[in-house]
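> I would like the atomic coordinates for the input below:
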Amino acid sequence: MAFMLMAITLFFVLAGMFVLVFRFSGLKESATLLEEKNAMLLVTKLANSPEFSCGEAFGSNRINCIDADKVMMLKENAAKYVGFWGVAEIQIRKIYPNEGDIICTTANYENCGVIEVFSKEINSLPPVSNFVSLCKKDSYNEEIYDKCELARLMVSSEDKG
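This next block holds a predicted model:
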């Protein structure tokens with residue numbers, strides 16, 4: 001009788017462990033998918049956030065418009081935003097006109113192709129991106145005009161695996 005009770009108990013313990021292993025087998029993958037989804041939501045919110053958006057600076061309130069001058073100043077103060085967004089990297093890459101892979105600084109701001117707003121030295125997932133307008137004030141023959149270029153806002157989340 002005692003042997004039978006131990007066998008039944010062992011059976012239920014093994015069955016319970018099997019159910020737990022089966023239930024939690026996709027936990028790591030679902031956590032990665034959740035991180036990617038959060039990064040995609042963040043990409044769409046970033047373009048319209050006060051730190052990035054054009055606002056009323058270019059005549060009207062534009063959607064998915066990033067003020068390049070704001071972003072360059074944000075890049076200079078990126079250390080203050082280390083934990084603010086909860087991502088590994090934020091990058092803006094100009095698509096048209098294509099300036100190549102030249103990293104933007106305050107010295108070569110006019111002729112560059114990539115603005116690295118924020119970057120942590122950690123393992124990160126592939127970036128999630130969205131197309132945006134990258135606008136700034138420019139001048140030609142002493143006349144100021146709005147110069148807008150096509151760009152991609154790219155966000156990489158942390159790889160926790």
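> Do you have the helices of the chain handy? List them.
Using DSSP state H, the helices found in the chain span residues 2-24, 27-46, 68-76.
> now the residue lying closest to residue 38 once chain neighbours are set aside: how far from residue 67?
Distances taken as CB to CB, 6 or more residues apart in numbering place residue 157 nearest to residue 38, at 6.7 Å, with adjacent residues excluded. From N, CA and C alone the C-beta is placed, and that goes for glycine too. Residue 157 sits 24 Å away from residue 67, going by CB to CB, to the nearest Å.
> List the contacts of the closest residue to residue 126 other than its chain neighbours.
Computed as CB to CB, 6+ apart, the closest residue to residue 126 that is not its neighbour in sequence is residue 156, at 7.0 Å. Residues counted as contacts of residue 156 (CB atoms under 8 Å, 6 or more residues apart in numbering) are 39, 87-89, 91, 124-128.
> Adding neighbour count, pLDDT and distance to residue 72, write these out as a markdown table.
Output for the contacts of residue 156, formatted as a markdown table (neighbours: other CB atoms under 10 Å; pLDDT from 0 to 100; distance: CB to CB, whole Å):
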| residue | neighbour count | pLDDT | distance to residue 72 |
| --- | --- | --- | --- |
| 39 | 24 | 72 | 23 |
| 87 | 24 | 81 | 19 |
| 88 | 20 | 84 | 21 |
| 89 | 20 | 87 | 17 |
| 91 | 19 | 92 | 13 |
| 124 | 17 | 78 | 23 |
| 125 | 19 | 77 | 26 |
| 126 | 11 | 83 | 26 |
| 127 | 19 | 86 | 20 |
| 128 | 21 | 85 | 23 |
